[in-house]
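Enquirer: A predicted structure for the sequence below; I have some questions about it.
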Amino acid sequence: MPGRQDTGYKLLFSHPEMVRDLLTGFVPGEWITEADFSTLERHNASFVSDSEKQRHDDMIWRVRVKDRWLWVYLLLEFQSRPDRWMAARMLVYVGLLAQDLIRRKQLHDGRLPPILPLVLYNGEPRWRAPFDVRNCFVTPPLGLETFLPGLRYHLVDEARLKLHPAATVRNFAEILFKLERDPSPHDLRQLLLALSAVLQDDHSQSLRRAFNIVVKALLRQRVPAPNIGEVEQLNDILEAEHMLAKRGEGWFKDAERKGKAEGKAEGLAEGRQQLAATVQRLLTRRFGELPPAVRERLAQADFEQLEIWADRLLDAATLDEVFAAR
């Protein structure tokens, strides 16, 4: 989704249903069958570091697995490009959590409970950063390898997940990832109808409102600017479905046409700018430093005029011959 919607994501993953489905659907391991997801609890993720700065962006949950707690450090990554130092960041965050657990005596048989470092990434470029913090360090001198710190995180890379094609709600996290992939108006309507059908009871209303925020953010990116006001008035995902049924195809086609036109205009403007820079560079090499008036003419000329001057400079003996009226 263009323009990552941090607020909507944070609201969604403040619900245990979303965290449950993220873990059961996209984290491997047999531990899933032993976990009691009715025990999911969210804990304060703000720890005071040595620099006295607190973290408020990440989420910490815990869930009972057999006779012990599993702590989940969930980091929502909204950067447009992968963070090559994510493993080092996670080492710090998990260390802060461990210190907090020790201070609060949240231990198991005198030792720290297991901690799952989990990164949810919704950027477009493929994630190529190291998963293990050991790979963030150069090879140490011979014999010191054992002292390299060790910590590995699990990545959920939305853009490269294989999602079920049907518009059914098998997993709330999967529905979010489908919304992120800019579905067609028809597919979006089907997703909203399926989502509305399973979020009917009173207990689900908070999660329903959080999904509505994400849907509105998606629509803001895809409807023409004059219709943004209609999107802002949507109070429920079912209202969004009804609006799409009436206006969706036309809206999305108008926005697509506008996007193509804007893209074409931007491409022409960029091409004109590059041609002007090329002509100026070649003229300078042929005739020396250009007068301010000539540089101004190059800056103001359209693409066709620049092409004429570019052809002339190949044979012209003087600068005046390049710019002579013909």
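Expert: Received, thanks.
Enquirer: C-alpha only now, for contacts and for neighbours.
Expert: Will do.
Enquirer: tell me the pLDDT of the nearest residue to residue 8 once chain neighbours are set aside.
Expert: Using CA to CA, 6 or more residues apart in numbering and skipping residues adjacent in sequence, the residue nearest residue 8 is residue 214, 5.2 Å away. Note for residue 214: predicted pLDDT of 90.
Enquirer: I'd say residue 214 and residue 11 touch.
Expert: No: applying CA atoms under 8 Å as the test, residue 214 and residue 11 come out as separate, 9.3 Å apart.
Enquirer: which intervals of the chain have sub-threshold pLDDT?
Expert: Applying pLDDT under 70 to the chain picks out residues 1-6, 45-57, 248-269, 325-326.
Enquirer: what about the strands in it?
Expert: Assigned by DSSP state E, the chain shows strands spanning 35-43, 59-65, 68-77, 115-121, 154-157.
Enquirer: in the second one, what counts as buried?
Expert: Neighbour counts over strand 59-65 (16 or more other CA atoms under 10 Å) mark 59-65 as buried.
Enquirer: now the first one
Expert: When neighbours are counted by 16+ other CA under 10 Å, the buried residues of strand 35-43 are found to be 35, 37, 40, 42.
Enquirer: show me what it is packed against.
Expert: Applying 3 or more CA pairs under 8 Å, 6 or more residues apart in numbering; DSSP states H and E, we find strand 35-43 packed against helix 16-26, strand 59-65.
Enquirer: then the fourth one?
Expert: Applying 3+ CA pairs under 8 Å, 6+ apart, one finds that strand 115-121 makes contact with strand 68-77, helix 86-103, strand 154-157.
Enquirer: what's the answer for the shortest one, then?
Expert: Other helices and strands packing on strand 154-157, by 3+ CA pairs under 8 Å, 6+ apart, are strand 115-121.
Enquirer: neighbouring strands of the strand it packs on in the sheet, and parallel or not?
Expert: strand 68-77 (parallel), strand 154-157 (parallel) (DSSP bridges).
Enquirer: before we move on, the earlier item: higher neighbour count, residue 214 and residue 11?
Expert: residue 214 (24 against 17; other CA atoms under 10 Å).
Enquirer: roughly how far does the more buried one sit from residue 235?
Expert: Look at residue 214 and residue 235: by CA to CA, to the nearest Å, they are 12 Å apart.
Enquirer: same question, residue 99
Expert: Applying CA to CA to residue 99 and residue 235 gives a distance of 42 Å.
Enquirer: ok, back up a step: what's the closest of the helices and strands packed on strand 115-121 to residue 202?
Expert: Among the helices and strands packed on strand 115-121, strand 68-77 comes nearest to residue 202, with 26.8 Å by CA to CA.
Enquirer: for residue 311, grab the count of nearby residues.
Expert: For residue 311, the tally of surrounding residues (other CA under 10 Å) stands at 12.
Enquirer: helices of the stretch 101-250 of the chain, start to end?
Expert: 172-180, 185-198, 205-222, 228-232, 237-287 (DSSP state H, counting those that start in this stretch).
Enquirer: distance to residue 152 added to these, as JSON lines?
Expert: Listed next are these as JSON lines, based on distance: least, CA to CA, whole Å:
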{"stretch": "helix 172-180", "distance to residue 152": "23"}
{"stretch": "helix 185-198", "distance to residue 152": "34"}
{"stretch": "helix 205-222", "distance to residue 152": "30"}
{"stretch": "helix 228-232", "distance to residue 152": "41"}
{"stretch": "helix 237-287", "distance to residue 152": "38"}
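Enquirer: out of those helices, which is closest to residue 109?
Expert: Distance to residue 109, taken as CA to CA, is lowest for helix 172-180 among these, at 34.1 Å.
Enquirer: just the buried residues of the closest one, please?
Expert: Buried positions in helix 172-180, judged by neighbour count with 16+ other CA under 10 Å: 172-180.
Enquirer: what bridges to residue 108?
Expert: Beta-bridge pairing for residue 108 (DSSP bridges): residue 111.
Enquirer: isn't it up against residue 70?
Expert: No: counting by CA under 8 Å, residue 108 stays clear of residue 70, with 10.6 Å between them.
Enquirer: out of those two, which sits in the more crowded spot?
Expert: Taking other CA under 10 Å, residue 108 and residue 70 do not tie; residue 70 has more neighbours (19 against 12).
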